[in-house]
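1. my questions are about this predicted structure, shown below with the sequence.
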Amino acid sequence: VMDRRAAEDLPYVFIGLPSTVTGPFDEVVLPSWAEQPDWELELAAVIAKPAYRVSVEEALEHVAGYTIANDLTDRATVFRRDMKAIGTDWLRCKNAPGFTPLGPWIVPAESVGDPGDLRVTLKLNGETMQDESTKDMLFGVARLVSYISQTSRLLPGDLVLTGSPAGNGIHWGRLLRDGDVMDGSITGLGAQRTRCVAEETA
């Protein structure tokens, strides 16, 4: 099924707000309304120069480098209960302040080698939850950048997150809570450590 999807289907893309970005060692505040906060460690490509309607073959020429992103998601608010015909609500479930720990570095593309052969690992409180190669991505970086550019103009500094491997909290039946520590690493890109804290309410 996955091989067929990779060959025949199209990537699924949504927009994230810059205000979700936080540092690689900052605390992640879990909003009081987020009932099922979850982790999604991902390889992120950083755009170097404007990309609009570029081919797959040209796409990587528009990538400056790569970094680590943890694309946090509140699973409880992914789907709209009141307006099922609209479907998913990516604004609410993924765009809380600090929901994208990023870094620690942007590693130049020429220093990374093959972005399709990197190990993505996330540990929760020292226990490995995600550990997989970017070889298993349905859509590689070049295809993602090209696909997005057919509709939108990517600009320098834009991030293209590439999707998360198996092993998020829903898979394990264990969502994020106050005091949890996430350690994320990707081959050659360093490591980030973020501690979750519950939002203080009046």
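-> Good, I have the coordinates.

2. in three-state terms, label residue 84 for me.
-> Following DSSP: H, G, I helix; E, B strand; the rest coil, residue 84 is assigned to coil.

3. and it, what does it touch?
-> Residues near residue 84 by CB atoms under 8 Å, 6 or more residues apart in numbering: none. Backbone N, C-alpha and C define where each C-beta goes, glycine included.

4. make residue 1 into 468 and carry on from there
-> Sure, I'll start counting at 468 from here, so that last one is residue 551.

5. look up how far residue 663 lies from it.
-> 30 Å (CB to CB, to the nearest Å).

6. and the closest residue to residue 482 other than its chain neighbours, how far from residue 655?
-> The shortest distance from residue 482 to any non-neighbouring residue, by CB to CB, 6 or more residues apart in numbering, is to residue 557 (7.4 Å). Distance of residue 557 to residue 655, given as CB to CB: 29 Å.

7. then residue 475?
-> Distance of residue 475 to residue 655, given as CB to CB: 32 Å.

8. who's more crowded, the two?
-> Applying other CB atoms under 10 Å to residue 475 and residue 655 shows that residue 655 carries more neighbours, namely 14 against 7.

9. which residue sits closest to residue 564, ignoring its sequence neighbours?
-> residue 486 (5.7 Å).

10. surely the one you found is in contact with residue 558?
-> No - at 11.6 Å, residue 486 does not count as touching residue 558 under the criterion of CB atoms under 8 Å.

11. quick one: low-confidence ranges for this structure?
-> Residue ranges of the chain with pLDDT under 70: 468-469, 473, 669.

12. what about the longest helix in it?
-> Longest among the helix segments of the chain by residue count, using DSSP state H, is helix 608-616.

13. what distance do you get for residue 531 to residue 549?
-> In terms of CB to CB, residue 531 sits 41 Å off from residue 549.

14. looking at the two, which is more packed in?
-> It is residue 531, of residue 531 and residue 549, that has more neighbours when counted by other CB under 10 Å, with 17 against 6.

15. and the next helix or strand past the helix or strand hosting that one?
-> In this assignment (DSSP states H and E), residue 531 forms part of strand 530-537. Next along the chain after strand 530-537, taking DSSP H and E as the criterion, comes strand 540-541.

16. can you give the strand pairings for that following strand, parallel or anti for each?
-> Sheet pairing of strand 540-541 (DSSP bridges) gives strand 504-505 (antiparallel).

17. next helix or strand past the partner strand?
-> Sequence-wise, the next helix or strand downstream of strand 504-505 (DSSP H and E) is strand 508-514.

18. send me that next one as PDB with only the CA atoms.
-> What follows is strand 508-514, C-alpha atoms only, in PDB (Å, rounded to 0.1, in the frame of the first residue of the first chain):
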ATOM      1  CA  LEU A 508      10.100  14.300  15.000                       C
ATOM      2  CA  GLU A 509      10.900  15.300  11.400                       C
ATOM      3  CA  LEU A 510      13.700  16.300   9.000                       C
ATOM      4  CA  ALA A 511      13.200  19.900   7.900                       C
ATOM      5  CA  ALA A 512      14.600  21.400   4.800                       C
ATOM      6  CA  VAL A 513      15.400  25.100   4.800                       C
ATOM      7  CA  ILE A 514      14.800  27.000   1.600                       C
END
